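>>> based on what follows, work out the 3D shape:
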Amino acid sequence: MSTGVASPVAGKVVAMGDVPDPVFAQRLVGPGVAIEPEGGPQEALAPIDGTVVTLHPHAFVIAGADGRGVLVHLGIDTVKQKGEGFTPHVVQGESVRAGQPLIGWNPDSVRAAGYSAVVPVVALDAAETALSEMLTGGEAVAGDRLFVWG
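Alright, predicted model coming up:
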């Protein structure tokens, strides 16, 4: 069984190795791809159908029915913003559909606060070889497939 993982935001596709954080760049939590988001206020979308198993103002994990978890992290070191500028629209434990708006945020505000706004999308604890059809360059459209897991 495979899972299509959609982009939570629109922007430029960035290799995970180019993310300015060693946890993501070295794929310590899993492989994936990152997006350098467009500026201005926007909504971060659910990348898969599933349940919100972890929710922070700046990050979330959605677990699919098969138990696979996808982490979306809105910016790097944005935990230091203590939720400022992020507006969650869901609660932990809620069932969501791919493409559903989960968190409102503004990448320009993240950049203005001195942080990278890049958005890693990670297949948690997956083998690198488990991902296919990965976007490796160009532009991602919010809601369009980034990669297939499985």
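
>>> the longest helix along the chain - what's its average pLDDT?
Of all segments of type helix in the chain, defined using DSSP state H, the longest is helix 107-112. In this model, helix 107-112 has a mean pLDDT of 98.

>>> now that helix, how far from the chain's geometric center?
17 Å (Cα atoms, centre = their mean, to the nearest Å).

>>> could I have the CA atoms of it written out in CSV?
The C-alpha trace of helix 107-112 is given here as CSV (Å, rounded to 0.1, in the frame of the first residue of the first chain):
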residue,chain,number,x,y,z
PRO,A,107,6.3,33.0,6.1
ASP,A,108,7.3,36.7,5.7
SER,A,109,6.7,37.2,9.4
VAL,A,110,8.9,34.2,10.2
ARG,A,111,11.7,35.6,8.0
ALA,A,112,11.3,39.1,9.6
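
>>> flag every buried residue along it.
Pro107, Asp108, Ser109, Val110 (16 or more other Cβ atoms under 10 Å). C-beta: built from backbone N, CA, C; applies to glycine.

>>> again, but for stretch 78-91
Thr78, Gln81, Gly85, Phe86, Pro88, Val90.

>>> contacting residues around the spatially most central residue of the chain?
Closest to where the C-alpha atoms of the chain average out (Cα atoms, centre = their mean) is Val72, at 2.5 Å. For Val72, the contact set (Cβ atoms under 8 Å, 6 or more residues apart in numbering) comprises Pro8, Ala44, Pro47, Ala59, Phe60, Val61, Ile62, Val119, Pro120, Val121, Val122.

>>> and the closest residue to Glu43 other than its chain neighbours, bridged to which residues?
Distance criterion Cβ to Cβ, 6 or more residues apart in numbering; nearest residue to Glu43, sequence neighbours excluded, is Pro101 at 3.7 Å. Beta-bridge pairing for Pro101 (DSSP bridges): Leu45.

>>> show the contacting residues for Pro101.
Per Cβ under 8 Å, 6+ apart, neighbours of Pro101: Glu43, Ala44, Leu45, His89.
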